[in-house]
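**Q** one predicted model, sequence on top.
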Amino acid sequence: MKKQIVSFLLLAACAATCVGQVTELPQPKRVAPVKIIFDTDMGNDCDDAMALALVHALQNRAAAELLAVTLTNPDPLAGRLVDAINTFYGRPKIPIGVNPQAPFSRESRFLKIAADYPHDFDPATAPHAVKLLRQTLAKEKDGSVTLVQVGFFTNLAALLESTGDEFSPLSGVELVKKKVKELQLMAGAFGVMGNTNYTLEFNVRFDIRSAQKVAREWPTPMIWSGGEIGEAVPFPAAVVERDFGYVKRHPIYESYQLFRATPHERPCYDLTSVLQAVWPDRGYFGMSVPGRVEVKDDGFTRFTPARESKSKRDRFLVVDKAQAALVRELFAALVTEAPAATVAK
């Protein structure tokens with residue numbers, strides 16, 4: 001009996017020690033979420049919808065915070081689908097700005113599904129994209145906002161041209177310089193470390209004047225994800241067919257299949273800029289040397305290294321086969337993730 005009592009006391013002491021050791025572990029580091037304004041031409045390609053789903057998945061992890069969405073597709077259905085997707089993911093109050101003057105490139109194959117999902121967006125009463133950009137930037141802390149542009153340059157060029165208003169006395173350039181940490185943009189084509197065929201990328205060539213203005217005047221760091229990066233990371237068709245089945249209807253699944261049905265594997269163009277914006281230090285992509293991007297009159301994006309351009313503002317993403325394979329699996333997991341209503345804001 002005495003041996004049993006001694007053994008029990010030893011076990012109790014060990015347990016107490018172990019508990020004490022657990023409670024003395026350092027707390028995990030808390031990192032502030034990346035504050036994102038998402039500027040998109042929703043409707044021209046299904047990767048915009050997938051990129052928005054990725055933002056929501058990252059917000060579920062408290063890694064991102066979606067402040068606002070601004071549109072460079074003038075189709076009234078674009079805002080409706082954005083709101084439907086935001087509502088599907090449990091965040092129906094995210095403001096959406098429109099720009100009726102943005103270029104219309106083509107009729108969408110999937111925006112019409114917005115009518116089948118809950119939302120309350122009315123394009124007739126929605127704020128203009130530039131007004132929403134200024135309002136959102138003005139109320140955030142200095143240097144705290146990451147702009148993610150995955151559509152045309154129309155809104156950001158107009159933001160640079162804007163003047164003081166009820167939200168801020170600053171000009172557009174001054175407001176961007178004060179509030180924006182960096183601009184992540186899916187645009188252009190840069191090949192392997194700047195060596196490229198003469199490619200005129202979609203997001204640039206539909207509003208070249210605006211692209212030239214942004215490339216010429218933007219006052220903060222710019223990280224470009226060229227078309228070749230998204231093409232290196234095609235979204236798995238088998239995942240599309242299988243992993244959205246947790247609900248009867250899913251707006252991302254339907255956007256993908258209506259744009260171009262599987263077995264097609266859509267390049268993850270826009271998703272790459274979202275990932276780099278939120279998790280820039282995890283080695284998912286490589287990076288070019290600093291330099292300057294110039295948009296030529298035909299829409300070609302020419303990169304000149306800093307040793308020649310005397311500017312270090314711009315860099316562009318690069319990706320090798322191992323990184324591309326890793327990013328492909330990461331996108332497959334995050335884009336298909338179910339809405340997390342318990343943490344949604």
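**A** Done, it's in.
**Q** name the helices or strands packed onto the helix or strand harbouring A53?
**A** Element membership for A53 (DSSP states H and E) is helix 47-60. With contacts taken as 3 or more Cβ pairs under 8 Å, 6 or more residues apart in numbering; DSSP states H and E, helix 47-60 sits against strand 34-40, strand 64-71, helix 76-88, helix 251-259, helix 269-278, helix 321-335. Where you see a C-beta, it was placed from the backbone N, CA and C, and this is true even at glycine.
**Q** now the ones you listed in a markdown table, with mean neighbour count, distance to V148 and mean pLDDT?
**A** What follows is those, written out as a markdown table (neighbours: other Cβ atoms under 10 Å; distance: least, Cβ to Cβ, whole Å; pLDDT from 0 to 100):
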| stretch | mean neighbour count | distance to V148 | mean pLDDT |
| --- | --- | --- | --- |
| strand 34-40 | 25 | 5 | 98 |
| strand 64-71 | 24 | 10 | 98 |
| helix 76-88 | 24 | 14 | 98 |
| helix 251-259 | 21 | 18 | 98 |
| helix 269-278 | 27 | 5 | 98 |
| helix 321-335 | 17 | 15 | 98 |
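**Q** between these, which one is nearest to A158?
**A** strand 64-71 (10.1 Å; Cβ to Cβ).
**Q** need the contact list for the nearest residue to K312 once chain neighbours are set aside.
**A** Leaving out its chain neighbours, the residue that sits closest to K312 by Cβ to Cβ, 6 or more residues apart in numbering is P290, at 3.7 Å. By Cβ atoms under 8 Å, 6 or more residues apart in numbering, P290 lies in contact with 305-306, 311-315.
**Q** on that earlier part again, with distance to T136 as added columns, please give the helices and strands packed on helix 47-60 in CSV.
**A** Shown next, in CSV, are these (distance: least, Cβ to Cβ, whole Å):
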stretch, distance to T136
strand 34-40, 6
strand 64-71, 5
helix 76-88, 15
helix 251-259, 24
helix 269-278, 16
helix 321-335, 24
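**Q** and of the ones you listed, who's closest to F153?
**A** Across the helices and strands packed on helix 47-60, closest to F153 is strand 34-40 (Cβ to Cβ), at 9.1 Å.
**Q** neighbouring strands - and their directions - for the closest one?
**A** Under the criterion DSSP bridges, strand 34-40 sits next to strand 64-71 (parallel), strand 145-149 (parallel) in its sheet.
**Q** which of these sits closest to A115?
**A** Of all the strands paired with strand 34-40, strand 64-71 comes closest under Cβ to Cβ, at 17.6 Å.
**Q** kindly calculate the angle that that closest one makes with helix 76-88.
**A** Relative orientation of strand 64-71 versus helix 76-88 (axes from the mean of the first three to the mean of the last three Cα atoms, to 10 degrees): 160 degrees.
**Q** right, so of the helices and strands packed on helix 47-60, which gets closest to S144?
**A** Checked against Cβ to Cβ, the stretch from the helices and strands packed on helix 47-60 lying closest is strand 34-40, at 5.5 Å.
**Q** lovely, talk soon.
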